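K.L.:
here are the coordinates; sequence isn't available:
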DNA sequence: AGAGCAGAGTTCAAATGTCAAACCCAGAAG
DNA sequence: CTTCTGGGTTTGACATTTGAACTCTGCTCT
């Protein structure tokens, strides 16, 4: 016999199809996509710039960008840079911008565990100027994304006591 | 003329080799690795269980697990489940466990943008029982990972006022 | 002790994805 | 109307992924 159905559906606490994380991963499925979003978060928006920064082959970049746009994480907009020719920029949508905590959490993790604590980016509260980080907060206690400001950290320590 | 140098070194604010995020992505480079870590976060630790939950081919799973162990995100330990035969468990190391905020931030994002707000997992502060989330906090204001507790959310709303 | 079985993993061919370099195309400058 | 350049697509060699079949090991049952 050995009915294949007899085990009590031992399964992850949250099945894939209902897990926000699993669904999110579908939209950011690989290394390149993460790196592209990181660039956009930094404000880099042009095809050639992204390509140069992260070293992605053009063919792959155009595919990934299409997929990112299709998922609504960014949109492509033509713009006119002064007297120059029409250019395209890929800019994050609200949905895409809200991935910032994920990317920044990843960055914090990398800074801590791979770079032994030195971080290349300094996160601050845009209003108070105080340093911030990504972490666990009582619900309602998080600062809104709007207030987040980031700038390359300086080697020497800023007036932190 | 249009000197190609006239833009002020347009480059990602933080070059790849110094960016914690980019380095972190090297250690969690693909979809499967994320899903495996998600499983481990949930406490699923056995090869066959992970395989069944996320639907990964065995060959790929064994490769990814090796890589995860090599990167120090998890370690493999044999254990004896009561009278049963020896089994192996892959359990997160401290380094791996500290990816929790990343994965949970991803989950929050997925819940919000893909599942339209209904989350399958409820995060709480283990001591107070109050709900928590991942977000931007003044430095030093985050709750320690130890205090984080998560359980499958119930459909009906918990006594939130 | 010997047979069987389950978990964990390896091997293999076919399908798919990646890379780098070459090619294309539209619009602005000349 | 030619050239240049940003933003691609195509090409073909190479690498990885998949899924099915196979192996190995060490319990468990008789």
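P.N.:
All right, it came through fine. What you see is a predicted model, and the numbers here were worked out from it, not measured in a lab.

K.L.:
Check which helix or strand the residue nearest the centre of chain A maps to.
P.N.:
Centroid-nearest residue in chain A: residue A:103, 3.8 Å away (criterion: C-alpha atoms, centre = their mean). Assigned by DSSP states H and E, residue A:103 belongs to helix A:100-113.

K.L.:
Check which helices and strands the next helix or strand along the chain from that helix sits against.
P.N.:
Sequence-wise, the next helix or strand downstream of helix A:100-113 (DSSP H and E) is strand A:121-125. Secondary-structure packing of strand A:121-125 (3 or more C-beta pairs under 8 Å, 6 or more residues apart in numbering or on different chains; DSSP states H and E): strand A:132-138, strand A:148-152. Placement of C-beta: from N, CA and C, glycine included.

K.L.:
burial count for the residue in chain A that DNA strand C sits nearest to?
P.N.:
For chain A and DNA strand C, the shortest gap (C-beta to the nearest atom of the strand) falls at residue A:85, measuring 3.4 Å. When neighbours are defined as other C-beta atoms under 10 Å in any protein chain shown, residue A:85 has 6 of them.

K.L.:
Please read off the pLDDT at it from the model.
P.N.:
Residue A:85 carries a pLDDT score of 76 in this model.

K.L.:
Same question for residue A:151.
P.N.:
89.

K.L.:
Can you name the residues that contact it?
P.N.:
Going by C-beta atoms under 8 Å, 6 or more residues apart in numbering or on different chains, residue A:151 touches A:121-122, A:124, B:13.

K.L.:
burial measure for residue A:73, as a count.
P.N.:
25.

K.L.:
Write a PyMOL command that selects only the buried members of the contacts of residue A:151.
P.N.:
Buried residues within the contacts of residue A:151, by 16 or more other C-beta atoms under 10 Å in any protein chain shown, are selected in PyMOL with:
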select buried, (chain A and resi 121+124) or (chain B and resi 13)
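
K.L.:
Closest one to DNA strand D out of the contacts of residue A:151, please.
P.N.:
residue B:13 (18.4 Å).

K.L.:
which residues touch the closest one?
P.N.:
A:42-43, A:121, A:151-152.

K.L.:
before we move on, what about residue A:143?
P.N.:
Residue A:143 neighbours (C-beta under 8 Å, 6+ apart): A:125, A:132, B:135-138.

K.L.:
List phi and psi for it.
P.N.:
The phi/psi pair for residue A:143 (degrees, to the nearest 10) reads phi -80, psi 140.

K.L.:
What pLDDT is listed against it?
P.N.:
97.

K.L.:
Can you give me the domain assignment for chain A?
P.N.:
Listed domain ranges for chain A are A:16-97, A:100-152 (source: automatic domain parsing).

K.L.:
can you pull the contacts of residue A:97?
P.N.:
Residue A:97 neighbours (C-beta under 8 Å, 6+ apart): A:41, A:145.

K.L.:
Apply 7 Å and report the result again.
P.N.:
Counting by C-beta atoms under 7 Å, 6 or more residues apart in numbering or on different chains, residue A:97 touches residue A:145.

K.L.:
what separates it from residue B:64, distance-wise?
P.N.:
Distance of residue A:97 to residue B:64, given as C-beta to C-beta, to the nearest Å: 30 Å.

K.L.:
just residue A:54 next, same as before
P.N.:
On the measure of C-beta to C-beta, residue A:54 and residue B:64 end up 23 Å apart.

K.L.:
cool, and residue A:66?
P.N.:
Distance from residue A:66 to residue B:64, by C-beta to C-beta: 27 Å.

K.L.:
now swap in residue A:150 and tell me
P.N.:
32 Å.

K.L.:
ends of stretch A:118-127, how far apart?
P.N.:
24 Å (C-alpha to C-alpha, to the nearest Å).

K.L.:
Distance from it to the middle of the chain?
P.N.:
16 Å (C-alpha atoms, centre = their mean, to the nearest Å).

K.L.:
So what touches it?
P.N.:
Contacts to stretch A:118-127, defined as C-beta under 7 Å, 6+ apart, come from residues A:104, A:107, A:111, A:130-133, A:143, A:147-153, B:14, B:18-20, B:138.

K.L.:
And it, what's buried?
P.N.:
Neighbour-count burial for stretch A:118-127 flags A:119-121, A:123-125 (criterion: 16+ other C-beta under 10 Å).

K.L.:
Output those residues in JSON lines; the columns should cover distance to DNA strand C and pLDDT.
P.N.:
Shown next, in JSON lines, are the buried residues of stretch A:118-127 (distance: C-beta to the nearest atom of the strand, whole Å; pLDDT from 0 to 100):
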{"residue": "A:119", "distance to DNA strand C": "27", "pLDDT": "93"}
{"residue": "A:120", "distance to DNA strand C": "23", "pLDDT": "92"}
{"residue": "A:121", "distance to DNA strand C": "25", "pLDDT": "94"}
{"residue": "A:123", "distance to DNA strand C": "30", "pLDDT": "96"}
{"residue": "A:124", "distance to DNA strand C": "34", "pLDDT": "96"}
{"residue": "A:125", "distance to DNA strand C": "37", "pLDDT": "97"}
